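# Need coordinates for the below:
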Amino acid sequence: MQGDGKQAIGRTALTVAALGVVFGDIGTSPIYTIQTAFSPSDPHPIQATTDHVYGMASLIFWAVTIIVTVKYVGLVMSADNEGEGGIMALISQVRQTGDGVSGRTKFLLAGLGVFGAALFFSDSMITPAISVLSAVEGTKTISSSMDSYVVPITLTIIVGLFLLQRLGSGAVGRVFGPIMLIWFATIAALGVRGITMHPEVLRALSPSYAFDLLFNSGSTGFFVLTSVVLAFTGVEALYADMGHFGRGPIKLAWFGIVFPSLILNYAGQAALVLERAPTDGNIFFRLCPGPLLLPLIVLATTATIIASQSIITGAFSMTRQAIQLGWLPRLRIKQTSSEGYGQIYVGVVNWLLMIVTIGLTVGFGKSDHLAAAYGIAVSLTMLMTSALLFIAMREIWRWSLLAAGSVAAFFLVIDSAFFIANLTKIAEGGYVPLVLAISVYGVMWIWHRGAAAVMARMHESLTPVAEFMKDIQSRNIPRVPGSAVFLTRTERDTPPVMLWHVKHNRALHQHLFVLRVEILSVPWVVSRDRITIEQVAPNFWRAEARFGFMERPHIPELLTTSKALGCTIDLDDVTYYVGHETVVRREDGKGLSAWQDGIFAVMERNAIHVSDFFSLPSDQVVEIGRQVSI
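Okay, here's the model as predicted:
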């Protein structure tokens, strides 16, 4: 019984913590969703008629129910990769288990997953801008004179948020959940207050009002989808953060707290519109009694900061995952806490996100202007997830073609409708996430292609181990005491870094250990599968080490297990040899184009050293360089 009590407390703690990390984005969407739909500044605003208000509220309720509850909580979260979620984790699982998927299809799926990751990065730039901006705009309901201060206040908060990232989110993270619990209780209470003003708004729970608005109101039913999509911004976080909290706590938080709070608040705002409240300001804040307005603005701003913090942290995690899988160059990653592996800081990503977020805030100026940019990113990500879900249903769950096709088609039709509707807002700002995502995708694609070209060149002139050892003996190369560990990317024969070492130093250690590290498409690797060692010549071992994309490689710790596998190298007298390639363009015209080669060379020069990436002791590392033409 005592154990059951502790488990219950643990589940409750995880559920509360999930409120801040998982639901920060979707939880703050009521601040701007209804406002955007009825805003007179929108090119296609909804008229505040009874039918339209009922229709809007009904669409939000059924869209959130179908897309978030049924699709993501019910289906997508079941497609986990050993407990980890996210679009790249899903891609990795499909590529591993999809026996019926052709190599070409797997390549296309990989590209789809990487573009999904690129869209996530663009979301990471837009979310802080629209979230904080919409909360600070609440000050205009107190006094119209605050209008000129909204952007400066927002910029101050955003800059402060990014400056604090290097300190880590561990300490602040402990209060994220409780604050968001207060937030959801508050928006639910505000929603109930609005409903009491016009209880008939509960009729909107009937899907007939949603169908009527969609199909019987002309173009309004089409354009309204650009606002409805804002009700489930951040929905990908449910899937991406599953590995941190588990499926159970996230589901409990959604059904027990988040979903009812959101629906009550949206209904309350709709009731307020039915009561002829002005729609030219922020409808969300009009739900609040005057004396409590300032505390609500402070709470809303805090909630949007939490939402922004969560997605920035997610961008850091996505960066590490992309590095491990070979889609980004090695960047300096700082572990900000020993308590959680996910608490990291990536300086380059942080400053780039801050610069773009500031630009978006200044450029758009208002949250409803940013809504167009936000909607297209969300709808496109959902569309790609639905396509991948079909592959998962067929290849992972082994559903029949009819069952998988029917379910996937249902979601694809809905997601396509949202995406097509948001395409109409490309000129109004929808181009922003597309440009950002294409730029990020281009960087990732060039790095991946360049790294593959370097690998191909290194495999063109490999020397078999037997031939190399025979040459060493024939040339009387001195064998000095000690052990040498050579890190290599080649899968066979003598590693190039060993050849370069002998060429330049004209000596070789008595004990040789060649290590190749492979990052697998799984989050974690069990210890028994971590390393395999083979003796390829006397006192010459070759090893393969495997890490999951959620793990941090630490080579010195790994080598402590080598003796148990039959390797006799002396770990107290080890020198690590790593290669450093300077990339130049091939002269035969068979390599990368000049512009791709130039971008890859810049990224290669600015990547952190292999020794830092693999946690090698700096005083035991020898780096040997050479030019590689690609």
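# Could you identify the helix or strand that succeeds the lengthiest helix in the chain?
Secondary structure of the chain per DSSP state H: the longest helix is helix 103-136. Toward the C-terminus, helix 103-136 is succeeded by helix 150-163 as the next helix or strand (DSSP states H and E).
# Touching that next one from outside, list them.
Contact partners of helix 150-163, identified using CB atoms under 8 Å, 6 or more residues apart in numbering, comprise 128-129, 132-133, 136-137, 139-140, 301, 305, 308-309, 312, 350-351, 353-354, 357-358, 361-362, 365. Using the backbone N, CA and C atoms, a C-beta is placed for each residue, glycine as well.
# can you check stretch 180-188 too?
Here stretch 180-188 makes contact (CB under 8 Å, 6+ apart) with 16, 19-20, 23-24, 27-28, 30, 257-258, 260-262, 264-265, 296, 299-300, 302-303, 306.
# list the buried ones in that stretch?
180, 181, 183, 184, 186, 187, 188 (16 or more other CB atoms under 10 Å).
# what about residue 394, distance to residue 407?
In this structure, residue 394 and residue 407 are 11 Å apart, going by CB to CB, to the nearest Å.
# which neighbours do the two share?
Taking CB under 8 Å, 6+ apart as the contact criterion, no residue touches both residue 394 and residue 407.
# hmm, back to that, in helices, which of the buried residues of stretch 180-188 fall?
Mapping the buried residues of stretch 180-188 onto helices (DSSP H) picks out 180, 181, 183, 184, 186, 187, 188.
# Which of those sits closest to residue 485?
Nearest to residue 485 out of these is residue 180 (CB to CB; 47.5 Å).
# what about that closest one, distance to residue 302?
9 Å.
# okay, now residue 605: neighbour count?
Using other CB atoms under 10 Å, residue 605 is surrounded by 10 other residues.
# helix or strand for it, which one?
helix 594-606.
# After that helix, which helix or strand is next?
Sequence order places helix 610-613 as the next helix or strand after helix 594-606, per DSSP H and E.
# Can you name the residues in contact with that next one?
Outside helix 610-613, the residues that reach it (CB under 8 Å, 6+ apart) are 330, 332, 487, 553, 576, 578, 579, 580, 616, 618, 621, 623.
# where does the stretch 301-450 of the chain dip in pLDDT?
337-343 (pLDDT under 70).
# what ranges do the helices span in it?
347-364, 367-395, 401-423, 431-459 (DSSP state H, counting those that start in this stretch).
# Which strands or helices does the host helix or strand of residue 501 pack on?
Element membership for residue 501, per DSSP H and E: helix 496-505. In terms of contacts (3 or more CB pairs under 8 Å, 6 or more residues apart in numbering; DSSP states H and E), helix 496-505 is packed against helix 465-474, strand 479-488, strand 508-520, strand 574-584, strand 621-629.
# quick one: contacts for residue 259?
Contact partners of residue 259, counting by CB under 8 Å, 6+ apart, are 64, 68, 69.
# Report how many residues lie close to the residue nearest to residue 417 when sequence neighbours are not counted.
In this structure, residue 417 finds its nearest non-sequential neighbour in residue 225, 6.0 Å apart by CB to CB, 6 or more residues apart in numbering. Here the number of neighbours of residue 225 (other CB under 10 Å) works out to 21.
# and what of residue 212?
17.
# what about it, is that helix, strand or coil?
At residue 212, secondary structure determined by DSSP: H, G, I helix; E, B strand; the rest coil is helix.
# Which residue is the nearest non-sequential neighbour of it?
In space, and not counting its chain neighbours, residue 212 is closest to residue 55: 5.9 Å by CB to CB, 6+ apart.
# how close does the one you found sit to residue 63?
For residue 55 relative to residue 63 (CB to CB), the value is 12 Å.
# Have a look at the two and say which one is more surrounded.
When residue 55 and residue 63 are compared on other CB under 10 Å, the one with more neighbours turns out to be residue 55, at 26 against 18.
# in which helix or strand would I find that one?
Per DSSP H and E: helix 50-63 holds residue 55.
# If you count neighbours, what's buried in that helix?
Within helix 50-63, the residues that count as buried by 16+ other CB under 10 Å are 52, 53, 54, 55, 56, 57, 58, 59, 60, 61, 62, 63.
# could you give me the average pLDDT of it?
For helix 50-63, mean pLDDT rounds to 94.
# Also stretch 216-226?
88.
# Buried residues, that stretch. List them.
Going by neighbour count (16+ other CB under 10 Å), the buried part of stretch 216-226 is 217, 220, 221, 222, 223, 224, 225, 226.
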